[in-house]
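Colleague: here's a sequence, model it:
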Amino acid sequence: MKGFLHLTLPQSLLKLETSPAALTTYTFGTHTAQHYHCLTCGVSPFYIPRSHPDCYSVNWRCVEKESFEGWQVRIVPFDGKNWEKNVGSIRK
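Modeller: Predicted coordinates for the structure are as follows:
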């Protein structure tokens, strides 16, 4: 378990503050999801989710919270073990 708290947002809203060369990408299965990892520490700060391939899912634990001042951010539980059965609940 990674402890990833997903903040899904349009790709145009992500401002990467490091060089893309500092990241590596991992895919599996359908290769739709693209998981980015830091080459230095291994953390996964964001990825392109299979459920929302036009967005990034950012790890809320990796962001500066003041960057989201004024936003309404809420954490919604999701049963990832049964992803196929439950993905419709997050595709809104």
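Colleague: which parts of the protein are strands?
Modeller: With DSSP state E as the definition, the chain shows strands at residue ranges 6-10, 23-26, 34-38, 46-48, 55-59.
Colleague: pretty sure residue 24 sits against residue 35.
Modeller: No - with contacts counted by CB atoms under 8 Å, residue 24 stays clear of residue 35, the gap being 9.2 Å. To be clear about C-beta, it is placed using only N, CA and C from the backbone, and glycine gets the same treatment.
Colleague: any idea how far residue 41 is from the most centrally placed residue in the chain?
Modeller: For the chain, the residue lying nearest the average C-alpha position, counting by CA atoms, centre = their mean, turns out to be residue 57 (2.2 Å). From residue 57 over to residue 41 the distance is 19 Å, taken as CB to CB, to the nearest Å.
Colleague: bridging residues for residue 9?
Modeller: According to DSSP bridges, residue 56 are recorded as the beta-bridge partners of residue 9.
Colleague: so who does it touch?
Modeller: 55, 56, 58 (CB atoms under 8 Å, 6 or more residues apart in numbering).
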